[in-house]
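Q: Generate coordinates for the sequence data below:
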Amino acid sequence: MNLKHLLPFLGLVLFSDISCAQNIDPLRLGFEAYQLKTEEWGEINYYLTPSSDDEPMPLMVYLDGSGADPLFQQVEQGISSSIALNYQQLSQSYRVLVISKPGVSFIDKVPLEASGSPGHREPAAYTERLSLAWRVESTHLIIQKLIKEKEIDPKQLVVFGFSEGAQVAPFVAEKNEHVSHILLFGGNGLNQFFDPIITARQKALTGQISEEEAQQTIDSLYLVYQDIYAEPTSTDKRWWGHTYKRWSSFTQRDPLNVLVELDLPVYMANGSLDENSVLSADYIKLEFIRQGKQNLTYKTYPNYDHQFNELIFENGTFKDAIPQLDNVLNAALEWLKDN
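A: Take a look at the predicted model:
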């Protein structure tokens, strides 16, 4: 069982009757819709919570995880979302910014696959454009536009990244001098390609597979990685659900190397059972200690998975998953108030 797929997408059901969700636009869900047209990056669709004050408010940028699913998804139970934050509550203190990935709609019907994951056809624009550079540059351009138009107060500008978004956030902070804080949930520190290698070694160490099987897995991974780096811009070839272009762009530089150069407050949270990121995130903490840097707050939650569900086992058998994301988010927001 891949534990990270127990609750594969975030957000609460907002409407229990799917029939009432047919013509829902961003405004009904609490966002104003905007578009930025660029020659290099194409159309960038972004959404802001309305200002609740006459004066410009601080900005919180939410960067969601990987995949081409809409920010809001119409499923059988109602409407779910990949936005982990309670943006409606936060909109009293911040203007919350979310950005659709290239070609991806704000809201759309999304059937659930047998695994429980949303199954959404990947738009051609997403396939062709999605990369680390697209996510970083689109975010940077929107921030600059909002500052120039005096739509926000740049004195506090928070970038919150979840999963893939947590890999994007450090590069946004590196690019944009106005970023004052970053919050990273379920993010990596080292090259993403290292994670499956670590996992194979752990499985051998715990007796789940033999040492020979682990080595075969790792050798096969190296062959894939070699092929990806040989064709780093390919959008025809894919691995683990992503194009070679996406993989190569996200693995050219380690987030760790960017994070240690930042002097702004950094908050990082991971679940101890998140096989995709926790060990390389642990290394971030070690490197901050080695370099004598004091601007990192790092929280690891024992027995929590990638989505911050607390996993309950009895005699080694999985029994239950208790959602704890709200508590983890609240702890981060309390930290933000004090920093």
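
Q: Residue 251: neighbour count?
A: 20 (other CB atoms under 10 Å). Backbone N, C-alpha and C define where each C-beta goes, glycine included.

Q: measure it to residue 228 for me?
A: 8 Å (CB to CB, to the nearest Å).

Q: And for residue 55?
A: From residue 55 to residue 228 the distance is 48 Å (CB to CB).

Q: Same question for residue 97.
A: 31 Å.

Q: tally of neighbours for residue 228?
A: 22.

Q: What of residue 304?
A: 24.

Q: so where's the stretch 201-339 of the chain shaky on pLDDT?
A: 277 (pLDDT under 70).

Q: just the strands in it please.
A: 238-239, 242-243, 266-271, 296-301, 309-314, 317-323 (DSSP state E, counting those that start in this stretch).

Q: Next, format those strands as a markdown table and append mean neighbour count and distance to residue 153.
A: Below are the strands of the stretch 201-339 of the chain laid out as a markdown table (neighbours: other CB atoms under 10 Å; distance: least, CB to CB, whole Å):
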| stretch | mean neighbour count | distance to residue 153 |
| --- | --- | --- |
| strand 238-239 | 16 | 42 |
| strand 242-243 | 22 | 36 |
| strand 266-271 | 26 | 21 |
| strand 296-301 | 17 | 24 |
| strand 309-314 | 15 | 35 |
| strand 317-323 | 12 | 33 |
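
Q: For residue 255, find the nearest of the ones you listed.
A: Nearest of the strands of the stretch 201-339 of the chain to residue 255, taken as CB to CB: strand 266-271 at 10.1 Å.

Q: That closest one packs against which elements?
A: With contacts taken as 3 or more CB pairs under 8 Å, 6 or more residues apart in numbering; DSSP states H and E, strand 266-271 sits against strand 181-185, helix 278-290, strand 296-301, helix 325-338.

Q: tell me the most buried of the ones you listed?
A: The highest average neighbour count among the helices and strands packed on strand 266-271, using mean count of other CB atoms under 10 Å, belongs to strand 181-185 at a mean of 26.

Q: Could you check the angle that one makes with strand 266-271?
A: 10 degrees (axes from the mean of the first three to the mean of the last three CA atoms, to 10 degrees).
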